[in-house]
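# sequence isn't available, so here's the structure alone:
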Ligand code: MN
């Protein structure tokens with residue numbers, strides 16, 4: 001981009017995060033003190049346990065097929081291929097407070113709506129090419145989350161070699177509980193992770209079954225995209241994903257975190 005074009009865009013797109021970048025990739029300060037926004041855009045946040053603070057969400061990354069038995073049930077060979085990921089929009093977040101059952105609307109367009117219980121890691125810092133050995137230093141905290149999926153549309157798009165977007169990245173597709181800071185809860189490694197529907201256990205595994213650890217996930221994603229504070233990573237789901245219907249109550253559990261519960265309405 002030539003300098004004339006950049007200066008014409010710098011004010012208007014500064015908040016989009018890209019146009020204010022200089023040649024070295026550093027953010028340039030806003031120059032146009034007279035500019036204003038014609039409207040505001042809400043910032044998605046997640047409450048932080050034990051405080052009145054909230055965590056602002058920048059990007060939602062989701063790791064795919066990160067448990068061997070789930071990779072098999074999705075039709076892939078669970079050898080240690082590099083992890084792949086997709087994103088959900090930040091307004092996919094549906095916060096559900098512990099001790100409550102969040103009403104979760106059955107989405108449009110699908111007839112096969114699936115649950116996927118997942119550990120979520122939230123970053124307080126980022127970078128490029130982060131070594132796995134130091135990757136956990138970037139984690140602010142953890143939460144329990146659901147990667148809700150229009151499975152029929154995900155499969156149909158995959159079969160047609162089209163993007164998964166409509167199957168994964170839709171409104172309210174990322175229910176989540178509060179964030180628990182590492183300073184109080186530490187890191188997760190071998191905890192049990194499970195999900196029940198109407199009191200029947202459907203998914204049950206341990207975090208030790210993850211093919212790629214949270215540290216390795218951070219390292220791998222940072223090879224593709226620079227990570228920033230506010231990025232969160234859904235770390236994949238164990239086997240036995242399945243459908244829900246209106247009226248079903250889903251309860252998600254990871255040892256040491258409060259349950260996450262939603263009712264499909
Ligand atoms: Mn998932």
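That came through, no problem. Because the structure is predicted, anything quoted here is derived from the model rather than measured.
# which ones are touching whatever residue of the stretch 1-150 of the chain ends up closest to the ion?
Residue of the stretch 1-150 of the chain nearest the ion, by C-beta to the ion: residue 147 (3.4 Å). For every residue, glycine as well, the C-beta is placed using N, CA and C. By C-beta atoms under 8 Å, 6 or more residues apart in numbering, the residues touching residue 147 are 62, 88, 116, 118, 168, 173-174, 234, 237.
# who wins on neighbours among the residues you listed?
Within those, residue 237 tops the neighbour count with 30 neighbours, counted by other C-beta atoms under 10 Å.
# burial measure for the residue lying closest to residue 43 once chain neighbours are set aside, as a count.
For residue 43, ignoring the flanking residues on the chain, the nearest one in space by C-beta to C-beta, 6 or more residues apart in numbering is residue 56 at 5.3 Å. By the criterion of other C-beta under 10 Å, residue 56 has 11 neighbours.
# which phi and psi does residue 56 have?
Taking degrees, to the nearest 10, you get phi -80, psi 130 for the backbone angles of residue 56.
# need the contact list for it.
Contacts of residue 56 (C-beta under 8 Å, 6+ apart): 43-45, 230.
# redo those residues as a markdown table? Include secondary structure and distance to residue 74.
Below are these laid out as a markdown table (DSSP: H, G, I helix; E, B strand; the rest coil; distance: C-beta to C-beta, whole Å):
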| residue | secondary structure | distance to residue 74 |
| --- | --- | --- |
| 43 | coil | 33 |
| 44 | coil | 28 |
| 45 | strand | 32 |
| 230 | coil | 29 |
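# filter those residues down to the buried ones.
For those, a burial check counting by 16 or more other C-beta atoms under 10 Å picks out 44-45, 230.
# can you get me a residue count around residue 58?
Number of residues near residue 58 (other C-beta under 10 Å) recorded here: 17.
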